[in-house]
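In: Sequence and predicted structure, then a few things I'm wondering about:
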Amino acid sequence: MSDLSANQKDQLMSDLKRVLADAEALLVATADDTGEEVTRLRSRVTATLSQAKTGLIEAQAAVVDKAKVAAKATDEYVHDNPWKSIGIAAGVGLLVGAIIGRR
């Protein structure tokens, strides 16, 4: 999952949340259906949904924690090296401007 961009990760999280919501809606819609096989399937799906929700919450928390650590490290670096940070930002800005100017 580390090879995915931030937008791809956000889209994946959104898709997983939508799948979970749809599966829950399906369980609610079939609540009146009876039968041994349907009852077993509903039980299995409910357990799987619970595990998926837990995993999704844990994954989301891990991503947020990593982002906070990265932001804190960046903030500390900029405070420790303000002129170096300004120089890097100016260099990146010039590079991006040159690339855009060629188009």
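Out: Now that the structure is in, tell me what you want to look at.
In: Report all helices and strands that the helix or strand bottoming out on mean pLDDT in the chain contacts.
Out: Taking mean pLDDT, DSSP states H and E as the measure, the helix or strand of the chain with the lowest value is helix 6-29, at a mean of 77. In terms of contacts (3 or more C-beta pairs under 8 Å, 6 or more residues apart in numbering; DSSP states H and E), helix 6-29 is packed against helix 36-80. C-betas here are computed from N, CA, C, even on glycine.
In: Would you mark the buried spots in the least confident helix or strand of the chain?
Out: Neighbour-count burial for helix 6-29 flags Leu16, Leu20 (criterion: 16 or more other C-beta atoms under 10 Å).
In: what angle sits between it and helix 36-80?
Out: Helix 6-29 and helix 36-80 meet at an angle of 150 degrees, taking axes from the mean of the first three to the mean of the last three C-alpha atoms, to 10 degrees as the criterion.
In: quick one: contacts of helix 6-29?
Out: Identification of contacts with helix 6-29 by C-beta atoms under 8 Å, 6 or more residues apart in numbering yields Met1, Leu4, Arg42, Val45, Thr46, Leu49, Ala52, Lys53, Leu56, Ala59, Gln60, Val63.
In: swap in stretch 65-81?
Out: Contacts to stretch 65-81, defined as C-beta under 8 Å, 6+ apart, come from residues Ser85.
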